[in-house]
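> Curious how this folds, go ahead:
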Amino acid sequence: MAEKTAGYGLEVQSVGVKDIILPGEIKAILGKVVEAEKSAQANVVRRREETAATRSMLNTARVMEDNPIALRLKELEVLERIAEKIEHINVNGSLDSILTDLIRINPTISS
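Residues are numbered from 1 along each chain as shown. Here you go, the predicted model:
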C-alpha cells in the first residue's frame, strides 16, 4: 500500500479497521464459533477444578491413612453434617461405634 500511494506523494503511516458489517449468515456462524470457543474454555476450567479436587481428596486420604486421629476427625465432621439434616439420632454403643456399628436415625427431617 505504501508503494502504491508513494506515486501520489502520499505516505501511509498506519491503517486500521474500525467497523466490519457481516452478512447475517456469517454473523450467525461467527457467533456459534465464539460460543463453542467459550464452551471449550469453560470445559478446560471445569476439568482443572475437578483435577484439583481429586488431588486434594488424595492428599486428604494420605493424611488420614497415616494419622488415625485425622481419620476420626473426618468421620465426626461427616456425622455432624448428617446430624444437621435430621431431627434425632439414636446411637447404640460407644463413641467408637458411631460410624461402624448400628446407627438408628429417626427419618423425620427438620425443615
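> quick one: the strands in this protein?
All strands of the chain, identified by DSSP state E, fall at 89-91, 103-105.
> can you pull the contacts of residue 71?
64-65 (Cβ atoms under 8 Å, 6 or more residues apart in numbering). Yep, even glycine has a C-beta here, placed from its N, CA and C like the rest.
> one more time with 10 Å, if that's ok
Residue 71 makes contacts with 60-61, 63-65, as judged by Cβ atoms under 10 Å, 6 or more residues apart in numbering.
> Most neighbours out of those, which is it?
residue 64 (16 neighbours; other Cβ atoms under 10 Å).
> Next up, the contacts around that residue.
70-75.
> For it, give its distance to residue 58.
For residue 64, the distance to residue 58 equals 11 Å [Cβ to Cβ, to the nearest Å].
> One more: residue 77?
18 Å.
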